[in-house]
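Chemist: Please find the sequence and the predicted model below.
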Amino acid sequence: MKEIQGGVTAPKGFQAASCAAGIKYKERQDMALIYSEIPCRSAGTFTTNLVKAAPVKWDQNQVSSGHEAQAIVVNAGIANACTGAEGMEYCRQTALAAGEALKIPAESVLVASTGVIGMQLPIDRIAAGVKKMASSLSSSLEAGEAASKAIMTTDTKNKQIAVEFEIGGKTVTIGGMCKGSGMIHPNMCTMLSFVTTDAAISKELLMEALKEDVKDTYNMISVDGDTSTNDTVLLFANGMAGNREIREKNEDYNQFVKALNQVNETLAKKMAGDGEGCTALFEVKILGAEHKEQAITLAKSVITSNLTKAAIFGHDANWGRILCAMGYSGAEFDPEKVDLYFESAKGKLQIIENGVAVDYSEEEATKILSCPEVTAIADIKMGTASATAWGCDLTFDYVKINADYRS
């Protein structure tokens, strides 16, 4: 398996386009289209927020209906959330416009939106954008990259990845792009992620692979503790790699799952590391847990602790905040057996042993915590299970960005 250039257009048969539709942003592209030359099996996971945006409901229906999928239309700037029957009608009109422009059934079109909650979409601009993009579709890597930029809101950088591997002597590719910077919290977050693959795989296994992998990737990141209304991960498989269709959990399936995890984990970390106003990606590893759920609970508790996130911003080895966050997580462990380390490109340093501070150098700790990627490793010495969560530091700029997001 190797990482290659590109994103959603890297797999065979996938094309992308983007345009400036003037939905909310001025003088920048704010719509994207992903298209497969042939119909695809689709899988999806969605927000657990009770308040679900219209496009989330539309896509849930499409994925569960059994209809093949062939296109995704995405807009940035307006979320189409809390928009009632009118918002659902705009999803339908968007799908109809795309179906007509691409000469495919409207039932095979999925839609996604991100941005301000409560505003109605300017459907005339959306429809015009769909028509414009349909005529400019391209399989080039540049088209995929432009699409990844068009779906950004408060993101500071676009996020994409592609990997290549072999199944039964056939080269298979998985590519993906995502957006997400704020309102990010497990189960899932204000994120849109679109993954494409030319692998031949049954819909049932495609759905299972995605659902299981989301638990260890997108559901393990947090920026600010707010779970969004629009979270969507969509996975399209068109089978154009020509591999024997994966219909059972064999070695081919394991290879596919491994590659999918690399794509999703990379995209998840890119979102956590681009949290609104952040200066560092903060990774938390829990080792020596009795079982996986215990490790997950502890890792998530630390990654969502505002006091810990503020300490990371200040490059302060305030380990008491980490132990405190573990203590109120609800998971049982013995605080007097915990070993804690900080690690980055500048080195690795033990901070506490068996729950008590060791004689470490504050200067060395500050140097380690000053890197753009920082890891806290806690060994609770109860077993062999582990879990990793990703977040970011909490900065002054986070408040600035969210104080005037609508204006």
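Modeler: Now that the structure is in, tell me what you want to look at.
Chemist: And the longest strand anywhere in the chain, what's buried?
Modeler: Secondary structure of the chain per DSSP state E: the longest strand is strand 31-46. For strand 31-46, the neighbour count (16 or more other C-beta atoms under 10 Å) marks 31-36, 39-46 as buried. Using the backbone N, CA and C atoms, a C-beta is placed for each residue, glycine as well.
Chemist: tell me the two of these that are most distant?
Modeler: Across the buried residues of strand 31-46, no pair lies farther apart than Met31 and Arg41, at 25.1 Å, counting by C-beta to C-beta.
Chemist: can you give me the helices for the chain?
Modeler: Along the chain, the segments classed as helices by DSSP state H run 54-65, 84-102, 123-134, 141-150, 203-216, 251-272, 292-303, 306-313, 319-327, 362-369, 396-403.
Chemist: Using PDB, write out every CA atom in the third one.
Modeler: In this case it means helix 123-134. What follows is helix 123-134 as a C-alpha-only set of coordinates in PDB (Å, rounded to 0.1, in the frame of the first residue of the first chain):
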ATOM      1  CA  ILE A 123     -31.800  27.400  -5.300                       C
ATOM      2  CA  ASP A 124     -31.500  29.400  -8.500                       C
ATOM      3  CA  ARG A 125     -27.700  29.800  -7.900                       C
ATOM      4  CA  ILE A 126     -27.400  26.100  -6.900                       C
ATOM      5  CA  ALA A 127     -29.100  24.900 -10.100                       C
ATOM      6  CA  ALA A 128     -27.000  27.200 -12.200                       C
ATOM      7  CA  GLY A 129     -23.800  26.000 -10.400                       C
ATOM      8  CA  VAL A 130     -24.800  22.400 -11.000                       C
ATOM      9  CA  LYS A 131     -25.200  23.000 -14.800                       C
ATOM     10  CA  LYS A 132     -21.900  24.800 -15.000                       C
ATOM     11  CA  MET A 133     -20.000  22.000 -13.100                       C
ATOM     12  CA  ALA A 134     -21.600  19.300 -15.200                       C
END
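Chemist: quick check: angle from that helix to helix 84-102?
Modeler: 30 degrees (axes from the mean of the first three to the mean of the last three C-alpha atoms, to 10 degrees).
Chemist: List the contacts of helix 123-134.
Modeler: 17-19, 21-23, 31-33, 35, 73, 75, 90, 93-94, 97-98, 101-102 (C-beta atoms under 8 Å, 6 or more residues apart in numbering).
Chemist: same deal with stretch 349-359?
Modeler: Contacts of stretch 349-359 (C-beta under 8 Å, 6+ apart): 317, 319, 323, 334-343, 360-361, 364-365, 368.
Chemist: Please name whichever of the helices of the chain is nearest to Cys178.
Modeler: Taking C-beta to C-beta, helix 251-272 is the member of the helices of the chain nearest to Cys178, at 4.5 Å.
Chemist: got the angle between the longest strand of the chain and helix 84-102?
Modeler: Relative orientation of strand 31-46 and helix 84-102, computed by the same axes, to 10 degrees: 120 degrees.
Chemist: and strand 31-46, what does it pack onto?
Modeler: With contacts taken as 3 or more C-beta pairs under 8 Å, 6 or more residues apart in numbering; DSSP states H and E, strand 31-46 sits against strand 14-19, helix 54-65, strand 69-78, helix 123-134, helix 141-150, strand 192-197, helix 203-216, strand 232-237.
Chemist: and Asn187, what pLDDT?
Modeler: In this model, Asn187 is scored at 49, pLDDT.
Chemist: for Ser136, that is, sorry about that
Modeler: Looking at Ser136, its pLDDT is 98.
Chemist: re earlier: and the buried residues of strand 31-46, which is closest to Glu86?
Modeler: Closest to Glu86, out of all of the buried residues of strand 31-46 and judged by C-beta to C-beta, is Met31, at 19.5 Å.
Chemist: wait, isn't that closest one in contact with Gly77?
Modeler: No. Taking contacts as C-beta atoms under 8 Å, Met31 lies outside contact range of Gly77: 9.2 Å.
Chemist: and for the two, which residues touch both?
Modeler: Contacts common to Met31 and Gly77, judged by C-beta under 8 Å, 6+ apart, are Ile23.
Chemist: which residue is nearest the middle of the protein?
Modeler: Per C-alpha atoms, centre = their mean, the C-alpha nearest to the average position across the chain is that of Ala268, at 4.3 Å.
Chemist: re the thing from before, nearest to Thr114, of the helices of the chain?
Modeler: Closest of the helices of the chain to Thr114 is helix 54-65, at 9.1 Å (criterion: C-beta to C-beta).
Chemist: Is Ala385 bridged to anything, and to what?
Modeler: Ala289 (DSSP bridges).
Chemist: burial count for it?
Modeler: By other C-beta atoms under 10 Å, the residues close to Ala385 number 17.
Chemist: Look up how far Ala272 lies from it.
Modeler: From Ala385 across to Ala272, the span is 22 Å (C-beta to C-beta, to the nearest Å).
Chemist: One more: Ala241?
Modeler: According to C-beta to C-beta, Ala241 stands 30 Å off from Ala272.
Chemist: picking up where we left off before, using a markdown table, lay out the buried residues of strand 31-46 together with distance to Ala112.
Modeler: Below are the buried residues of strand 31-46 laid out as a markdown table (distance: C-beta to C-beta, whole Å):
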| residue | distance to Ala112 |
| --- | --- |
| Met31 | 11 |
| Ala32 | 9 |
| Leu33 | 11 |
| Ile34 | 10 |
| Tyr35 | 14 |
| Ser36 | 16 |
| Pro39 | 19 |
| Cys40 | 16 |
| Arg41 | 18 |
| Ser42 | 13 |
| Ala43 | 15 |
| Gly44 | 10 |
| Thr45 | 13 |
| Phe46 | 10 |
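Chemist: Could you save these as CSV and add columns showing pLDDT and distance to Asp213?
Modeler: Below are the buried residues of strand 31-46 laid out as CSV (pLDDT from 0 to 100; distance: C-beta to C-beta, whole Å):
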residue, pLDDT, distance to Asp213
Met31, 98, 28
Ala32, 98, 23
Leu33, 98, 25
Ile34, 98, 20
Tyr35, 98, 24
Ser36, 98, 21
Pro39, 98, 23
Cys40, 98, 18
Arg41, 98, 16
Ser42, 98, 16
Ala43, 97, 10
Gly44, 96, 13
Thr45, 93, 9
Phe46, 91, 15
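Chemist: out of those, which one sits closest to Glu212?
Modeler: Nearest member of the buried residues of strand 31-46 to Glu212, counting by C-beta to C-beta, is Thr45, at 10.2 Å.
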